[in-house]
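Peer 1: Sequence first, then the predicted structure:
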Amino acid sequence: MKNRFIDSIWPVFLWLLFAGILVSIFFYSYNRKFDRDEFENIHTAWKIKEGQKIFVDFFQHHHPFFDYMLTPVVSAYGSTVDTLFVSRYIMLVITACALAVTYLLAMRIFKNAEIGVLSLILTSTFIAFYQKSIEIRPDVPQMLTALLAIYFLFTYYDKQSLRSLIGSALFLAVSFLFLQKTFVLVITIGGLLVYDTLKRNVPFRYAVLYGGVFVAALMPYYIYMAIDGSLERYFEMNWLVNYYMSQGLGKLGSTAVLISENIVTCVFYAVGVIALLGSVRERRFVVFTICLIVLTIMTFQNLWKQYFMSTIPLVAMIAGYAIYISFSNRLSRLAIIFGAIFMPLVYMHDKGFFNMNVEKQRAQLDKVEYVLSITEEGDKVYDGDSLFNLYRDDIDYFWFCHPCVSAYQKISDYQYDIYELIAYEKPKVISNTGIHNFDDVRIKNRYKVSDRYPDLYLRVD
């Protein structure tokens, strides 16, 4: 009777623990300050809503589908801070869908409900995951569609379903349209299919079909850009500029931080890899995750945390499997789970329970609303760092990201003189980003320091 009660209450406890984590993430999303990348994406969507052509009329170095997705939100809620919160809620819904796919994939691979719930708990408390999955960034839908591509791929391996293989190719294409970094997953899946074709595990015609569906799903947008005249600009901004961008983060240091923040989960991932490499049934999945992680580290110069969002659920699944097989005693298993999630949750609540300290977020929004209050529609501003210009036009094609200007100048003769731009465009508000000489005749006596923000200057003529 006692064992039967424990058997029935244990899964309920795990699901309640996961539900508590989700509530915690919601409040974290609602109260945490905004990353400047979030302002960048809202501003990009606003520009598209205003009729400007991405890549042609203004700079952007990410694939555009996310910004197109945000445009109706900006249209519906207008030039207000409500747009930011609604967009974050949409990210939460997409993240919830990604977690659902994580559970389904864990069930597909390991055929065990407890490992599925452990995967959810470890994924949702991985610091890089919950930090970035709440933000308004293309990495979030890119992660969901990448996980769907992986899920349908392994469903094909499990059930030999051609429809699943086609579904995987379609979701892989959609993921690529959200962000070009998906090409690492394209290479990983392509390599796996080539290997299995050579080993006669996958029919050659199926592998060709996969590639054909992937390319066919991408072609309409590339044809549109060719007709629209933006294809060359797209290639320059999305590929060449990113290639020539200076390195800001060391690969070793970035990877070490990622591991140290979630040391228990990463240790059990290593344990799970060792245990599963000897398994015939799960070996393909383990090798797949290893290849995806290694390719990500090798490919990108700057290893931002969001680059690992698609791989974190895979790591969590294998870590959950390792915890499950390593401890038959549930009390020991519970101790390890708490050990894995304790520090990430403490980090989440470092500003008070449920991260209730909203001073930094409020300061950001106050600045946005201040700039809106002292300008009118049609007025131009110079931000330079995507901090307050959500709903006002800019003075240059490169409206933020000075390193991107330097990268573009390596492949072109593009001239960028901030003083000339200010003199010609006469922005109503300028920031001190990238401006080193306020005694320049084109700025002096034409701008005064804001009485509320010492880093902002207001035009006086």
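Peer 2: Cool, got the structure.
Peer 1: tell me which residues of the helix or strand of the chain at the bottom of the mean pLDDT ranking are tucked away?
Peer 2: Least confident helix or strand of the chain, by mean pLDDT, DSSP states H and E, is helix 2-31 with a mean of 87. For helix 2-31, the neighbour count (16 or more other C-beta atoms under 10 Å) marks L14, L17, F18, I21, S24, I25, F26, Y28, S29, Y30, N31 as buried. Heads up, the C-betas are built off the backbone N, CA and C, glycines and all.
Peer 1: What ranges does this protein have for its strands?
Peer 2: 381-382, 429-431, 447-449, 456-459 (DSSP state E).
Peer 1: List the neighbouring strands of the longest one plus their orientation.
Peer 2: Note on strand 456-459: by DSSP bridges, its sheet partners are strand 429-431 (antiparallel), strand 447-449 (antiparallel).
Peer 1: The first one - what's its average pLDDT?
Peer 2: Predicted confidence along strand 429-431 averages 98 (mean pLDDT).
Peer 1: got a list of contacts for it?
Peer 2: Contacts to strand 429-431, defined as C-beta atoms under 8 Å, 6 or more residues apart in numbering, come from residues 371, 374-375, 381-385, 387-388, 392, 422, 443, 447, 450, 455-459.
Peer 1: how about stretch 412-422: buried residues?
Peer 2: By neighbour count on 16+ other C-beta under 10 Å, the buried set for stretch 412-422 is I418, L421, I422.
Peer 1: picking that back up, can I get the strands of the chain in CSV with mean neighbour count?
Peer 2: Formatted as CSV, these follow (neighbours: other C-beta atoms under 10 Å):
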stretch, mean neighbour count
strand 381-382, 24
strand 429-431, 24
strand 447-449, 15
strand 456-459, 21
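Peer 1: Could you dump those into TSV with distance to T125 added?
Peer 2: Shown next, in TSV, are these (distance: least, C-beta to C-beta, whole Å):
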stretch	distance to T125
strand 381-382	39
strand 429-431	37
strand 447-449	44
strand 456-459	39
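Peer 1: closest to K47 out of those strands?
Peer 2: strand 381-382 (13.1 Å; C-beta to C-beta).
Peer 1: P141 - how many residues pack around it?
Peer 2: Neighbour count for P141, taken as other C-beta atoms under 10 Å: 23.
Peer 1: Go ahead and confirm it touches M69.
Peer 2: Yes. Judged on C-beta atoms under 8 Å, P141 makes contact with M69 at a distance of 7.0 Å.
Peer 1: okay, now the domains of this structure?
Peer 2: Listed domain ranges for the chain are 2-355, 359-459 (source: automatic domain parsing).
Peer 1: quick one on the thing from earlier: what's the most distant pair in the buried residues of helix 2-31?
Peer 2: Taking C-beta to C-beta, the two most distant members of the buried residues of helix 2-31 are L14 and N31; they sit 26.5 Å apart.
Peer 1: Identify the residues contacting stretch 185-192?
Peer 2: 146, 149-150, 153, 168, 172, 175-176, 211, 214, 284, 288, 291-292, 295, 310.
Peer 1: ok, now stretch 199-210?
Peer 2: Contacts to stretch 199-210, defined as C-beta under 8 Å, 6+ apart, come from residues L162, L165, I166, S168, A169, L193, V194, D196, T197.
Peer 1: What score does V184 have for pLDDT?
Peer 2: V184 is given a pLDDT of 97.
Peer 1: dump the residue contacts of it.
Peer 2: Contacts of V184 (C-beta under 8 Å, 6+ apart): L292, L295, T296, T299.
Peer 1: how close does the third one get to L334?
Peer 2: To tie it back to what came earlier, the one meant is T296. Distance, T296 to L334, using C-beta to C-beta, to the nearest Å: 32 Å.
Peer 1: Just want to know which of those two has more residues nearby.
Peer 2: T296 (19 against 16).
Peer 1: The nearest residue to F110 once chain neighbours are set aside and K367: what is the separation?
Peer 2: Take F110 and drop its neighbours on the chain: the residue closest to it by C-beta to C-beta, 6 or more residues apart in numbering is Y321, 5.7 Å away. Applying C-beta to C-beta, the value for Y321 to K367 is 47 Å.
Peer 1: So for the two, which sits in the more crowded spot?
Peer 2: Neighbour count, other C-beta under 10 Å: between Y321 and K367, Y321 has more, with 29 against 17.
Peer 1: which residues touch that one?
Peer 2: Y321 sits next to F110, N112, I115, L118, G272, A275, L276 when contact means C-beta under 8 Å, 6+ apart.
Peer 1: now, which of the residues you listed lie within helices?
Peer 2: In this view, the contacts of Y321 that belong to helices under DSSP state H are F110, I115, L118, G272, A275, L276.
Peer 1: Can you tell me which of those lies closest to K428?
Peer 2: Of these, the one sitting nearest to K428 (C-beta to C-beta) turns out to be L118, at 54.2 Å.
Peer 1: Got the confidence number for that closest one?
Peer 2: 98.
Peer 1: Kindly report the same for K351.
Peer 2: So, for K351, pLDDT stands at 60.
Peer 1: ditto for R281
Peer 2: 84.
Peer 1: start the count at 568, not 1, going forward
Peer 2: Noted, 568 is the first residue going forward, which turns the last one into R848.
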